[in-house]
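> Pasting a predicted model and its sequence here:
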Amino acid sequence: MGKDSKPKEAASKGKSKQAASGGDESTSKGKGKSGKSSDELGTCTYVKARHILCEKQGRINEAYKKLEEGWLSNGDKVPPAEFAKVAQEYSECPSGKKGGDLGWFPRGKMAGPFQEVAFNTPVGATTAPFKSTHGYHIILCEGRKN
């Protein structure tokens, strides 16, 4: 499930802070049907993601610190199963019970900053904490497709 989307590429390179700020990384190995790269950040139609949502900035920072200590500080990607454990522990969103799994969602479904960050995060990358209208988030992008 979800494994038949795009292959995980070297685009994420573990640089989570760039992903959260909109990032300046892009991929050029897409297999778009129209000749354009379907993997370029911000151009896909659907994203599969997990997230952690906290009302307080201090709590989201605690969750991010756990991710940093385990993987991000070494430049590693956070495995989805491990991200799910942190989401279950820290997320205040109902999706937290499912490990923060939001499944596949189309462009236009999520609110402003969340959508912008989700659609501009490379597959496999974890964002730094950021604020939206609902609170503070961390996103793990698991897939992209058109």
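Right, received. Where do you want to start? Residues are numbered from 1 along each chain as shown.
> list the helices and strands the helix ranked longest in the chain packs on?
Longest helix of the chain, by residue count under DSSP state H: helix 57-70. Under the contact criterion of 3 or more CB pairs under 8 Å, 6 or more residues apart in numbering; DSSP states H and E, helix 57-70 touches strand 46-54, helix 80-90, strand 135-145. For glycine as for every other residue, the C-beta is placed from the backbone atoms N, C-alpha and C.
> Would you format the ones you listed as JSON lines with distance to Ala125, mean pLDDT and mean neighbour count included?
Formatted as JSON lines, these follow (distance: least, CB to CB, whole Å; pLDDT from 0 to 100; neighbours: other CB atoms under 10 Å):
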{"stretch": "strand 46-54", "distance to Ala125": "10", "mean pLDDT": "98", "mean neighbour count": "24"}
{"stretch": "helix 80-90", "distance to Ala125": "11", "mean pLDDT": "98", "mean neighbour count": "18"}
{"stretch": "strand 135-145", "distance to Ala125": "6", "mean pLDDT": "97", "mean neighbour count": "24"}
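> export those to CSV and tack on distance to Lys98?
Shown next, in CSV, are those (distance: least, CB to CB, whole Å):
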stretch, distance to Lys98
strand 46-54, 9
helix 80-90, 8
strand 135-145, 13
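> and Gly99, which of those is closest to it?
helix 80-90 (2.6 Å; CB to CB).
> So what touches the helix or strand following the closest one?
Sequence-wise, the next helix or strand downstream of helix 80-90 (DSSP states H and E) is strand 101-106. Contact with strand 101-106 is made by 2, 45-51, 84, 95, 118, 143, 145, as judged by CB atoms under 8 Å, 6 or more residues apart in numbering.
> got the angle between strand 101-106 and helix 80-90?
In terms of direction (axes from the mean of the first three to the mean of the last three CA atoms, to 10 degrees), strand 101-106 departs from helix 80-90 by 110 degrees.
> Strand 101-106: how far from the chain's middle?
Taking CA atoms, centre = their mean, to the nearest Å, the mean C-alpha location of strand 101-106 is offset from the chain mean by 11 Å.
> Can you name the next helix or strand after that strand?
Next along the chain after strand 101-106, with elements defined by DSSP H and E, is helix 112-119.
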